[in-house]
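Q: Here you go, sequence then predicted model.
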Amino acid sequence: MIEIEKIAAPLRELLAEREIIARCELLIRTYDIVRSARLSQEEERELAAQVGPRIAPGIFASIMSKEPVFFNLPVLDTYTQMNGRLFHFLHSKKFSQQDFANASSRFLRSTPHLREMLIGCMKDRLKEFMSDAGYSLLAESRAHMSFSAEKRKVEAYVAPSIRSLKIDDFKVENGSDCIILVPSSESLEPFVQFFRETGEQAEEKNLQIWIMNLEKGTIDPFVGYTTDLDIYNQFDNPRLAEMVRNNWSLSSDP
């Protein structure tokens, strides 16, 4: 494989700088590096042959493996948890307690910038998803997009986390579907809590809440149901919302 340096070089620079790095930060920055590389179709085909059709998740998975797809990347074979977040590092290098504290503080300082990166990457994936379902992009702002297909219109929003989602901020316009895309997280707990506290209210408002699994690059329904078969067929697990309703009701254990 001919190495694609405009992705490999920024990854090497990132991992040399962040010897202890939060898993979610590495994932988001991998998406952003791939996004910024603006790969040609030939480069996309070349990488897809190595890591699968969803390039950013595939590269991230390779970094987490013992044989990264790019040469001379550190093998992040050890991890620890700090403040509820997984942090990866190279086991053969000795780090002090202060090194880990510094890594955690640096991650927290980076959070606003990472949130902006995340929104951009999720918007790109949602545009691809909607295009594959036959929709055209009509308008776009920071975290909002309008799509249309024959006899259908969608107002779509991207939220940086399920915890930040306030459904009172959204309403369904006449003749339009309202979709809110949120990212997956390292724990199911915030999704269980949201569903039990707010899921019924969201359904009553006819909101659809979708989840983007960042590590897989997939999108699935979480709350609400689509009546568009073209969208339904794009979901990786189209019955997920039904499974959530059946398993996470108030009478069930998390």
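A: Alright, I've got the coordinates.
Q: Looks like residue 214 contacts residue 28 (just checking).
A: Yes: between residue 214 and residue 28 a contact is recorded at 7.4 Å, counting by C-beta atoms under 8 Å. All C-beta atoms are positioned from the backbone trio N, CA, C, and that covers glycine.
Q: Looking at the two, which is more packed in?
A: residue 28 (25 against 22; other C-beta atoms under 10 Å).
Q: Figure out how far the strand or helix carrying residue 31 is from the centre of its chain.
A: Here residue 31, judged by DSSP states H and E, is contained in helix 23-37. Taking the mean of its C-alpha atoms, helix 23-37 sits 10 Å from the chain's own mean (C-alpha atoms, centre = their mean, to the nearest Å).
Q: Any stretches of the protein with poor pLDDT?
A: Along the chain, segments meeting pLDDT under 70 span 1-3, 250-254.
Q: hmm, back to that, list the buried residues in the helix holding residue 31.
A: The neighbour-count check on helix 23-37 (16 or more other C-beta atoms under 10 Å) flags 23-35, 37 as buried.
Q: same for that helix, what does it pack against?
A: Judged by 3 or more C-beta pairs under 8 Å, 6 or more residues apart in numbering; DSSP states H and E, the packing partners of helix 23-37 are helix 5-17, helix 55-64, strand 85-89, helix 97-132.
Q: could you give the angle of the helix or strand following that helix to helix 23-37?
A: Downstream of helix 23-37, the next assigned helix or strand under DSSP H and E is helix 41-51. Interaxial angle, helix 41-51 versus helix 23-37 (axes from the mean of the first three to the mean of the last three C-alpha atoms, to 10 degrees): 150 degrees.
Q: if we can go back for a sec, for the buried residues of helix 23-37, please prepare a markdown table with the additional fields distance to residue 68.
A: Output for these, formatted as a markdown table (distance: C-beta to C-beta, whole Å):
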| residue | distance to residue 68 |
| --- | --- |
| 23 | 15 |
| 24 | 19 |
| 25 | 17 |
| 26 | 12 |
| 27 | 14 |
| 28 | 18 |
| 29 | 15 |
| 30 | 11 |
| 31 | 16 |
| 32 | 18 |
| 33 | 14 |
| 34 | 14 |
| 35 | 19 |
| 37 | 17 |
